[in-house]
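A.B. asks: Need a 3D model of the following:
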Amino acid sequence: MVVTFFGHKDTPKSIETVLRANLIGLIENYGATEFYVGNNGKFDVMVYRQLEELSQIYPITYSIVLAYLPVEKNEYFDFTNTIYPEGIETVPKRFAISRRNKWMIQRADVVVTYVTNNFGGAYQFKSIAGKEGKRIIELSE
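C.D. replies: Alright, predicted model coming up:
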């Protein structure tokens with residue numbers, strides 16, 4: 001099972017406990033083994049940190065899916081587990097995150113989200129995932 005994530009760039013740290021519990025549930029109860037996460041905000045940092053820790057306990061793999069190649073070192077990500085979707089280099093930079101997010105949705109069975117309003121990128125991609133029939137786990141509820 002493949003899982004991907006969308007959440008607000010300013011997601012509160014308090015959600016991390018709920019995130020971890022849901023990740024463990026997906027791994028132990030549903031056989032989730034592969035995880036794709038972006039690198040554009042606090043929610044992604046929390047997901048990455050939890051996946052890094054859980055990979056020491058469970059036989060899972062996780063990848064940071066890049067929208068564009070980083071030009072400088074990032075304090076939150078070490079970029080060792082990265083994927084750069086084929087063809088994304090031809091996409092104008094302002095559309096690269098959208099293309100990357102659609103790439104992640106296409107490959108996912110489950111989408112875990114933290115969405116508290118009905119606008120913005122996290123909301124948009126949660127909606128797309130729903131329209132494509134993906135199972136959505138909303139952490140803000």
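
A.B. asks: tally of neighbours for the residue lying closest to Ile105 once chain neighbours are set aside?
C.D. replies: Spatial nearest neighbour of Ile105, chain neighbours left out: Ala129 (5.1 Å); criterion: C-beta to C-beta, 6 or more residues apart in numbering. Heads up, the C-betas are built off the backbone N, CA and C, glycines and all. Here the number of neighbours of Ala129 (other C-beta atoms under 10 Å) works out to 23.

A.B. asks: next SSE after the helix or strand that Ala129 is a member of?
C.D. replies: Here Ala129 is covered by helix 121-131, with elements defined by DSSP states H and E. Where DSSP H and E defines the elements, the next helix or strand beyond helix 121-131 is strand 135-138.

A.B. asks: Output the contacting helices and strands for the lowest-mean-pLDDT helix or strand in the chain.
C.D. replies: When each helix and strand of the chain is scored by mean pLDDT, DSSP states H and E, strand 82-83 comes last, with a mean of 80. When contacts are defined as 3 or more C-beta pairs under 8 Å, 6 or more residues apart in numbering; DSSP states H and E, strand 82-83 packs onto strand 61-65.

A.B. asks: CA atoms of the strand it packs on as CSV?
C.D. replies: Backbone C-alpha positions of strand 61-65 (Å, rounded to 0.1, in the frame of the first residue of the first chain) are rendered in CSV as follows:
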residue,chain,number,x,y,z
THR,A,61,10.3,2.9,2.6
TYR,A,62,9.7,6.6,2.2
SER,A,63,10.8,9.1,-0.3
ILE,A,64,10.8,12.9,-0.5
VAL,A,65,9.2,13.7,-3.9
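
A.B. asks: Quick check: mean pLDDT of that strand?
C.D. replies: In this model, strand 61-65 has a mean pLDDT of 94.

A.B. asks: try stretch 31-51
C.D. replies: 94.

A.B. asks: If we go by neighbour counts, what in that stretch is buried?
C.D. replies: Neighbour counts over stretch 31-51 (16 or more other C-beta atoms under 10 Å) mark 32, 35-48, 50-51 as buried.
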